[in-house]
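Colleague: Build the 3D model from these lines:
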Amino acid sequence: MHRFEELKIWQKAMDITENCYCVSANFPTEEKYNLTSQVRRSAVSIPSNIAEGAGRNSNGEFKQFLGIANGSSYELLTQLYLSERLNLVSKETIKPIVSEIMDVCNMNYSLQKSLSKS
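Modeller: Numbers count the residues shown, from 1 in each chain. Now for the predicted structure:
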């Protein structure tokens with residue numbers, strides 16, 4: 001078991017989630033149960049799966065949840081790109097979030113590799 005609160009990947013994923021909540025708060029009301037909800041659920045899924053995996057009994061199980069977190073990262077990227085295409089948010093607004101997501105994906109890949117070695 002790992003202390004998820006100490007993992008930099010979890011901390012960065014929490015920052016992404018917070019930023020997504022702030023950005024999606026400006027989406028139109030009619031998107032409340034659609035894209036706003038999807039963005040938030042995908043964002044929350046990233047640190048949640050990292051934390052759940054860290055609490056599992058084996059590195060193999062941890063890797064499985066890191067894989068789910070990585071999938072949620074790509075899902076979130078798609079939703080942010082769609083939000084931009086629909087003119088709900090500007091490219092400049094999502095650019096730093098996209099960069100953070102890519103950092104988390106790279107960290108995720110590295111962590112999975114290190115778990116395979118141990």
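Colleague: what residues are up against the spatially most central residue of the chain?
Modeller: Most central in the chain under CA atoms, centre = their mean is I46, positioned 3.7 Å from the mean C-alpha point. Contacts of I46 were listed using CB atoms under 8 Å, 6 or more residues apart in numbering, and they are A13, I16, T17, A69, S72, S73, L76, V104. The C-beta positions use only the backbone N, C-alpha and C, and glycine is treated the same way.
Colleague: Type out the PyMOL command that picks the buried ones from those residues.
Modeller: Here is the PyMOL command that picks out the buried ones among those, judged by 16 or more other CB atoms under 10 Å:
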select buried, resi 13+16+17+69+72+73+76+104
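Colleague: mind checking how far R41 is from Q112?
Modeller: Between R41 and Q112 the distance is 23 Å, computed by CB to CB, to the nearest Å.
Colleague: returning to what we had before: host element of the residue nearest to the centre of the chain?
Modeller: helix 35-54 (DSSP states H and E).
Colleague: in this structure, what spans have low per-residue confidence?
Modeller: Under the criterion pLDDT under 70, the flagged ranges of the chain are 1, 118.
Colleague: before we move on, back to that, any chance of JSON lines for the contacts of I46, columns secondary structure?
Modeller: Shown next, in JSON lines, are the contacts of I46 (DSSP: H, G, I helix; E, B strand; the rest coil):
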{"residue": "A13", "secondary structure": "helix"}
{"residue": "I16", "secondary structure": "helix"}
{"residue": "T17", "secondary structure": "helix"}
{"residue": "A69", "secondary structure": "helix"}
{"residue": "S72", "secondary structure": "helix"}
{"residue": "S73", "secondary structure": "helix"}
{"residue": "L76", "secondary structure": "helix"}
{"residue": "V104", "secondary structure": "helix"}
